[in-house]
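A.B. asks: When you get a sec, could you give me coordinates for this:
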Amino acid sequence: EVQLVESGGARVQAGESLRLSCAGSGFAFEDHGIGWFRQAPGADREPVACFSGREDRTYYTDSATGRFTISSNDAEKTVYLQIHSLEPEDSAVYYCAVGDFCSWGPVAYDYWGQGTQVTVAS
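C.D. replies: A predicted model of the protein is given here:
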């Protein structure tokens, strides 16, 4: 059974940093893409970054480039999303998802975690 569990969300002040975790089980990291998405109230779910196990490389959306860092620890079966210099606009529920490959389209992912809330106060 594939499972994804996010953690690390918190309420923080603007300018601070957070590291979100996505612990996975039931699949091989090296054969899949693990993506991070976020969804603010009333907004569509938007992609942030993706780690491709097949290619052993990372991808970032244009808006995420610079302040977001995705990394993986194969031994711990965990993918991290480090967010620097948080802004109130970063407030959202952050989700990780696993699919056959990295894609910015949510429909490409087969399994999703329950999400972790990030709230950034100004």
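A.B. asks: contacts and neighbour counts: CA atoms only from here.
C.D. replies: Noted.
A.B. asks: Strands along the chain, start to end?
C.D. replies: In the chain, the strands defined using DSSP state E lie at 3-7, 11-13, 18-25, 33-39, 46-52, 57-60, 68-73, 78-83, 92-99, 109-112, 116-121.
A.B. asks: Identify each buried residue in the second one, please.
C.D. replies: Residues of strand 11-13 classed as buried by neighbour count (16 or more other Cα atoms under 10 Å): residue 12.
A.B. asks: Start the count at 84 instead of 1 going forward.
C.D. replies: Shifting the count to begin at 84 puts that one at strand 94-96.
A.B. asks: How about the contacts made by residue 125?
C.D. replies: If you count contacts by Cα atoms under 8 Å, 6 or more residues apart in numbering, residue 125 has none.
A.B. asks: now swap in the one 10 residues further on and tell me
C.D. replies: The contact partners of residue 135, taken as Cα under 8 Å, 6+ apart, are 113, 115-117, 141-142, 184-185.
A.B. asks: Pick out the residue nearest the middle of this structure.
C.D. replies: Centroid-nearest residue in the chain: residue 119, 2.4 Å away (criterion: Cα atoms, centre = their mean).
A.B. asks: show me what contacts it?
C.D. replies: 130-133, 164, 177-180.
A.B. asks: of the contacts of residue 135, buried ones?
C.D. replies: 115-117, 141-142, 184-185.
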